[in-house]
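> this is the structure alone, sequence omitted:
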Ligand SMILES: Nc1ncnc2c1ncn2[C@@H]1O[C@H](COP(=O)(O)OP(=O)(O)OP(=O)(O)O)[C@@H](O)[C@H]1O
């Protein structure tokens, strides 16, 4: 099954088309990185996937997610763990009074926090605990969101999505605001998730593209400019072009990095 199957999609805001002719196919159990400069349209692509914005109807296009072109957004969001900074900020501002455990538990109803009218079964509690154990964040169970670091809250939000055992995780610049140690730690957690589901990592940091990610899409020139195997796409030439800066890329221990800015 395909996680994403898009063909010839044009999308934008008001009169303005931001991404043209998008064609992208991501199969189940594949791991992808989506790279692009600031303002290239990465978040726009995320909004398209979440149906917050819709393809222009001026041409023939295909927009299938998990093999369907019609789906309930509520169900879709259970099957795709979508982690954005908007969601993080929403929890930080509107859910500061919640404990880590409540953040995770709220995943069952996709709500921001838990409410009196919500009944949680023994199994649902067990699943929340198991998820926190799996991600090694049990120590955050009683900690309030207002007292959490950015990295701690982000892990709780990932655990909240993991409650549904999604087929894929889509993470939009998930290490924003994390220091080096927290960034490495967070990426290791995503790497662990990649054993059970697809990972689609939207980033502009090459070093976050961990070994299991074999495919890359570059966003440039208002479109999905190139897609393919990591070794073919992550070249000095391609990255110099999309980031409009002359860079030299190298690989060490299966990790790509910017060796030199020329
Ligand atoms: N709600 C909106 N209304 C109009 N234009 C928008 C809106 N949101 C984004 N844009 C424009 O769409 C373009 C792509 O923005 P987008 O946020 O998708 O880029 P990005 O690749 O995610 O950038 P960054 O790396 O800085 O987060 C930009 O020119 C931006 O100004």
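Now that the structure is in, tell me what you want to look at. All values derive from a computational prediction rather than experimental measurement.

> need the phi and psi values for the closest residue in space to residue 189 that isn't next to it in sequence.
Leaving out its chain neighbours, the residue that sits closest to residue 189 by C-beta to C-beta, 6 or more residues apart in numbering is residue 135, at 6.0 Å. All C-beta spots, glycine's among them, are computed from the backbone N, C-alpha and C. Per-residue torsions, residue 135: phi -90, psi 0 (degrees, to the nearest 10).

> list the contacts of residue 135.
155, 158, 159, 162, 189, 192 (C-beta atoms under 8 Å, 6 or more residues apart in numbering).

> buried subset of the residues you listed, written for PyMOL?
Only the buried entries of the contacts of residue 135 go into this PyMOL selection, using 16 or more other C-beta atoms under 10 Å:
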select buried, resi 155+158+159+162+189
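
> among the contacts of residue 135, which one lies nearest to the ligand?
residue 158 (19.6 Å; C-beta to the nearest ligand atom).

> that's a helix at the closest one, yeah?
Yes. Using DSSP: H, G, I helix; E, B strand; the rest coil, the assignment for residue 158 is a helix.

> hmm, residue 169 and it touching each other?
Yes. With contacts counted by C-beta atoms under 8 Å, residue 158 reaches residue 169, the gap being 7.4 Å.

> where does residue 245 fall, secondary structure wise?
Under the criterion DSSP states H and E, no helix or strand holds residue 245.

> equivalent analysis for residue 260, please.
For residue 260, the element it lies in under DSSP H and E is strand 255-261.

> would you mind listing the buried residues in that strand?
Of the residues in strand 255-261, 256, 258 count as buried by neighbour count, 16+ other C-beta under 10 Å.

> neighbouring strands for it, and are they parallel or not?
strand 247-252 (antiparallel) (DSSP bridges).

> now do the contacts for residue 197.
29, 81, 165, 166, 167, 168, 169.

> from residue 162, how far off is it?
With distances taken as C-beta to C-beta, to the nearest Å, residue 197 is found 9 Å from residue 162.

> with residue 176 instead?
Residue 176 is 20 Å from residue 162, by C-beta to C-beta.

> and for residue 96?
For residue 96, the distance to residue 162 equals 22 Å [C-beta to C-beta].

> ok, now residue 39?
Taken as C-beta to C-beta, the span from residue 39 to residue 162 is 31 Å.

> flag every buried residue along the lowest-mean-pLDDT helix or strand in the chain.
Between all helices and strands in the chain, the lowest mean by mean pLDDT, DSSP states H and E belongs to helix 73-79, at a mean of 84. Residues 76, 77, 78, 79 are the ones in helix 73-79 that count as buried (16+ other C-beta under 10 Å).

> cool, and stretch 145-152?
145, 148, 150, 151, 152.

> same check on stretch 232-247?
In stretch 232-247, counting by 16+ other C-beta under 10 Å, buried: 233, 234, 236, 238, 239, 240, 241, 242, 243, 247.

> so residue 22: helix, strand or coil?
Going by three-state DSSP: residue 22 is strand.
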